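Student: 3D, please:
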Amino acid sequence: MPGETNLETLLATMAPRLHDEAFAYVTITPGKPEPDGLEPVLRFEEPEGTTLVVPRRQALQSGLDPVFACKMITLEVHSALEAVGFLAALLPPLAAAGIGVNPVSAYFHDHLLVPADRAGEAVAILEGIAEKARGGLG
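Tutor: Numbering: from 1, shown residues only. Model (predicted):
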């Protein structure tokens, strides 16, 4: 299943879904084991350490130092990994509103990690973009 590549279709059908869970970023020093009980939604290996995005409560329970308390917005459209311009169309309006975004592209969907206290505003901006794009498809 290759996913959608048409930019207008992606924008019109993105269906942003805000997750209830609060997440945070943590890092594990190279050579140290990952604490038990973590259920990361993202793991990325860098020379300086392993970055994990985990439920914030799990980070605190594990004694880790969580940073960037955030919420995840999943764009429900199955976007193709080779799609051009999708995130480029979404990030400037969020930046103009002063909302920092850490985007993650996975196999089926794109996910946006935004400050927890701005998540509702971010969803409203994305829904506005989708509504405008739906008008363009008609």
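Student: Beta-bridge partners for residue 27, please?
Tutor: residue 51 (DSSP bridges).
Student: For it, give me its contacts.
Tutor: By Cβ atoms under 8 Å, 6 or more residues apart in numbering, the contact set of residue 27 is 48, 49, 50, 51, 52. For every residue, glycine as well, the C-beta is placed using N, CA and C.
Student: Ok, residue 121 next?
Tutor: Residue 121 makes contact with 97, 99 under the criterion Cβ under 8 Å, 6+ apart.
Student: Alpha carbons only: can I get whichever strand or helix holds it in CSV?
Tutor: Element membership of residue 121 [criterion: DSSP states H and E] is helix 119-137. What follows is helix 119-137, C-alpha atoms only, in CSV (Å, rounded to 0.1, in the frame of the first residue of the first chain):
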residue,chain,number,x,y,z
ALA,A,119,-2.0,21.4,21.0
GLY,A,120,-5.7,22.5,20.6
GLU,A,121,-4.6,25.6,18.8
ALA,A,122,-2.4,23.5,16.5
VAL,A,123,-5.3,21.2,15.6
ALA,A,124,-7.5,24.2,14.8
ILE,A,125,-4.9,25.5,12.4
LEU,A,126,-4.5,22.2,10.7
GLU,A,127,-8.3,21.8,10.4
GLY,A,128,-8.4,25.2,8.8
ILE,A,129,-5.8,24.2,6.3
ALA,A,130,-7.8,21.0,5.5
GLU,A,131,-11.1,23.0,5.1
LYS,A,132,-9.4,25.4,2.7
ALA,A,133,-8.0,22.5,0.7
ARG,A,134,-11.4,20.7,0.6
GLY,A,135,-12.8,23.9,-1.0
GLY,A,136,-10.1,23.7,-3.7
LEU,A,137,-11.1,20.1,-4.5
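Student: The helix or strand hosting residue 104 pairs with which strands, parallel or anti?
Tutor: Residue 104 belongs to strand 102-105 when assigned by DSSP H and E. Applying DSSP bridges, strand 102-105 is found paired with strand 110-115 (antiparallel).
Student: looking at this protein, which helix or strand does the model trust least?
Tutor: Least confident helix or strand, the chain: helix 119-137 with a mean of 94, by mean pLDDT, DSSP states H and E.
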